[in-house]
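1. any chance you can model this:
(chains A and B)
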Amino acid sequence: GEDVEQSLFLSVREGDSSVINCTYTDSSSTYLYWYKQEPGAGLQLLTYIFSNMDMKQDQRLTVLLNKKDKHLSLRIADTQTGDSAIYFCADFNDYKLSFGAGTTVTVRA
Amino acid sequence: GAGVSQSPSNKVTEKGKDVELRCDPISGHTALYWYRQRLGQGLEFLIYFQGNSAPDKSGLPSDRFSAERTGESVSTLTIQRTQQEDSAVYLCASSPGRQRVGDTQYFGPGTRLTVL
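-> Numbering: from 1, shown residues only, chains lettered A, B, ... in the order given. Just a heads-up that it's a prediction; the model follows:
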C-alpha cells in the first residue's frame, strides 16, 4: 500500500513561518492534499497541488512539491494562534486518499 | 450549500453491542467514503461508494463492519458486536465523483465512538 510520512510535531512562534514536511511513496499519485484538523472538528481542506506542478501559492499558504524525491511541504507565512491544529498530508491515486499521521502545530506567543 | 453531516456526533456503547453511524453527503456528490481515525493517528480508509458501482470494501477491518448506501444519498456504517479497539472517530467524506481528475473529498465532523 501507499505510505505517507510526516513529522509529528512542530512548535513555532507567532508571526514566524511554519514549514510542515511530508514524504510519500506512490509515484502514480495525481494530486496531493493538505488538510487541517482543529480539536474536536472534522478535516478542513486547505489546499492541494496537481502532481505536474512544483509550487502553488494561496494567500499565506505555499505548497512545494518535489516529485523526484516524493517530498511535499506546506509553508504557512505569518503563523497565527488560529493556525494551531493538526495538519495532514494525503496523496490521491485513483479514488483513494492515503493520509499521513498528522503534524501537530503549536503556535506560541 | 450544506456540507457533509454525520450523526450521532458522539456514541458511547457497551462492548458487544451493535452501533449504526449515519452520513449525509453533500447533495450531488456521487462518491462517499468512510474512514476511521484512532487517537493520535492518521485516517484509515474503510470503504468507498461510487454511484451504483459495487463498493470497495477493502479497508473494512473485519466482518463485523458493514456499510450501505441508498442510491447517491445517505450511508450507514454498522459495527456489530463492538470491541474496545473499535473506539475511534469515524469520518465520512463525499466528493463529486470525477475519477479521471483529482476528486476533492469533503469531510464531515465525524462520530466519536467509545466502546466501554
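2. where does the prediction get shaky in chain B?
-> Scanning chain B for pLDDT under 70 picks out B:1, B:98-102.
3. residues of chain A that sit close to chain B?
-> Proximity of chain A to chain B, by CB under 8 Å from any CB of the partner chain, involves residues A:4, A:30-31, A:33, A:35, A:41-45, A:48, A:50, A:88, A:90, A:92, A:94-102. In short, each C-beta sits where N, CA and C put it, glycine included.
4. taking chain A, what residue is nearest to chain B?
-> Chain A approaches chain B most closely through A:Tyr31 (3.6 Å), counting by CB to the nearest CB.
5. give the contact list for that residue.
-> With contact set as CB atoms under 8 Å, 6 or more residues apart in numbering or on different chains, A:Tyr31 has these partners: A:Tyr48, A:Ile49, A:Phe50, A:Ser51, A:Asp91, A:Phe92, B:Gly102.
6. got it, and B:His29?
-> By CB under 8 Å, 6+ apart, the neighbours of B:His29 are B:Glu72, B:Ser94, B:Ser95, B:Pro96, B:Gly97, B:Tyr106.
7. let's see 10 Å
-> Applying CB atoms under 10 Å, 6 or more residues apart in numbering or on different chains, one finds that B:His29 lies in contact with B:Val4, B:Glu72, B:Ser73, B:Ala93, B:Ser94, B:Ser95, B:Pro96, B:Gly97, B:Asp103, B:Gln105, B:Tyr106.
8. isn't A:Arg108 up against A:Asp83?
-> No. A:Arg108 is not in contact with A:Asp83 according to CB atoms under 10 Å; the separation is 11.6 Å.
9. what do the two both touch?
-> A:Val12, A:Glu14.
10. now a PyMOL select for only the buried ones of the residues of chain A next to chain B.
-> The PyMOL selection below is limited to those of the residues of chain A next to chain B classed as buried (16 or more other CB atoms under 10 Å in any protein chain shown):
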select buried, chain A and resi 4+30+31+33+35+42+43+48+88+90+92+95+96+97+98+99+100+101+102
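11. in strands, which of the residues of chain A next to chain B fall?
-> Among these, the members found in strands (DSSP state E) are A:4, A:31, A:33, A:35, A:43-45, A:48, A:50, A:88, A:90, A:92, A:96-99.
12. which of these scores worst on pLDDT?
-> Minimum pLDDT for these is recorded at A:Lys96 (78).
13. picking that back up, A:Arg108 and A:Asp83: which has the busier surroundings?
-> Per other CB atoms under 10 Å in any protein chain shown, whichever of A:Arg108 and A:Asp83 has more neighbours is A:Asp83, with 18 against 11.
14. got the phi and psi for the more buried one?
-> The phi/psi pair for A:Asp83 (degrees, to the nearest 10) reads phi -90, psi -10.
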